[in-house]
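> next input, structure requested:
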Amino acid sequence: MENLENTTLQTKKTFWQKIKNPLFFTLGFLPVIIVAVIFTCLYTFDLYPPEILEEAIATVGSKTVVILISAIQSVGMICLATFFGYIVAKKLGLLPSIKKDGKIIVFEKKAVCITCIVSVVCGILLSLDYWTFGAVIPQIRQADAVGLSFVSLVSSLLYGGICEELLLRLFVLSLFAFIIWKIFFRKSITSEKNEVPKIVFLIANIVASLLFAAGHLPATQITFGITPLILFRCFLYNGGMGFFFGWLYIKYGLQYSMLSHALVHIVSKLIWLIFV
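Predicted coordinates for the structure are as follows:
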């Protein structure tokens, strides 16, 4: 009986040790996730055609309830992705530098400089959307104008910079890398080094980038409709930027992809604010 109790206690301790770090990691981001999701819901509803919003309100009763339901679903999804993403990323050696030298997240000077320089360039390229695709698709300029609001800025920085990186890089990219590694590169697993081949991360980054772009299609369809040009624009910007964020995640860590994602939005919106 005593042996059974000791075994049960040891099992509970082992289980807690396994979930403790991913749980605390997820809870650390929870307040930011909640704020980001709320602001994103508010911003998204400003872009939706009135008839779609009216239909949703008629179904559940009020705009507040619509926002609440959307927010609860999104927060739950992002938290689950963060929790399991942490576990998978740890197996791949892709975890961000946390709890090192008494600091929660560590930034290295060289990596920060590279991230900032390339992010500014990407932000400038993204800002050109107003004068390139916006010149032939009028709805884009209207959406860019709405994107200069305070609600949009908070949504871009927190949801784009934090939540989308937790979803697409920490979880999706890591998961695909883990699956590809285990299925197609078994020899590297049994080798002495047990390292993940670089090609695995490259393939996973491409897949995650395409999914990142595809994930914007529902909102794109509601806002602009779907045409070949709209599809090209969606995958060009979102897929291209997503690949760059994934490269930063793989090479330097999650904190750099988050920093870059936020900076790209800051630079593009600042240019629109000045010149539009």
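
> where exactly do the helices run in the stretch 51-200 of the chain?
Chain-ordered helices for the stretch 51-200 of the chain, with DSSP state H, counting those that start in this stretch as the definition, fall at 63-92, 109-127, 133-136, 138-146, 150-154, 164, 174-184, 186-190, 198-214.

> looking at those, which one has the lowest mean pLDDT?
For the helices of the stretch 51-200 of the chain, mean pLDDT drops lowest on helix 186-190, to a mean of 63.

> ok, the most centrally placed residue in the chain - contacts?
Among the residues of the chain, the one closest to the centroid is residue 164, at 1.5 Å (C-alpha atoms, centre = their mean). Contacts for residue 164 (C-beta atoms under 8 Å, 6 or more residues apart in numbering) come out as 212, 261. For glycine as for every other residue, the C-beta is placed from the backbone atoms N, C-alpha and C.

> that one and residue 135: what is the separation?
Distance check for residue 164 against residue 135: by C-beta to C-beta, to the nearest Å, it reads 27 Å.

> can you check residue 209 too?
Distance of residue 209 to residue 135, computed by C-beta to C-beta: 26 Å.

> contacting residues for the residue nearest to residue 141 when sequence neighbours are not counted?
In space, and not counting its chain neighbours, residue 141 is closest to residue 134: 4.3 Å by C-beta to C-beta, 6 or more residues apart in numbering. Residues in contact with residue 134, defined by C-beta under 8 Å, 6+ apart, are 140-141, 144.

> go again using 10 Å as the cut-off
128, 140-145, 233, 276 (C-beta atoms under 10 Å, 6 or more residues apart in numbering).

> mind checking which of those are buried?
Buried subset of the contacts of residue 134 (neighbour count, 16 or more other C-beta atoms under 10 Å): 140-141, 143-144, 233.

> any chance of these in a markdown table with distance to residue 239 as columns?
Converted to a markdown table, the buried ones among the contacts of residue 134 look like this (distance: C-beta to C-beta, whole Å):
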| residue | distance to residue 239 |
| --- | --- |
| 140 | 17 |
| 141 | 22 |
| 143 | 19 |
| 144 | 19 |
| 233 | 10 |
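
> closest one of these to residue 16?
Nearest to residue 16 among the buried ones among the contacts of residue 134: residue 143, at 46.7 Å, using C-beta to C-beta.

> how far away is that closest one from residue 108?
Residue 143 is 36 Å from residue 108, by C-beta to C-beta.

> same question for residue 60.
Taking C-beta to C-beta, one finds residue 60 at 47 Å from residue 108.

> next one: residue 218
Taking C-beta to C-beta as the measure, residue 218 falls 37 Å from residue 108.

> which one's more surrounded, the two?
Neighbour count, other C-beta atoms under 10 Å: between residue 218 and residue 108, residue 108 has more, with 14 against 9.

> find the nearest non-adjacent residue to the more buried one, please.
Excluding its sequence neighbours, the residue lying closest to residue 108 (C-beta to C-beta, 6+ apart) is residue 252, at 7.6 Å.

> residues contacting that neighbour?
Contacts of residue 252 (C-beta under 10 Å, 6+ apart): 96-97, 107-108, 110-112, 114-115, 259-260.

> most neighbours of all those residues, which one?
Tallying neighbours with other C-beta under 10 Å puts residue 260 at the head of the contacts of residue 252, with 27 neighbours.

> may I see the buried residues of the helix or strand that contains that one?
When elements are assigned from DSSP states H and E, residue 260 belongs to helix 254-275. Of all the residues in helix 254-275, those buried under the rule 16+ other C-beta under 10 Å are 254-269, 271-272.
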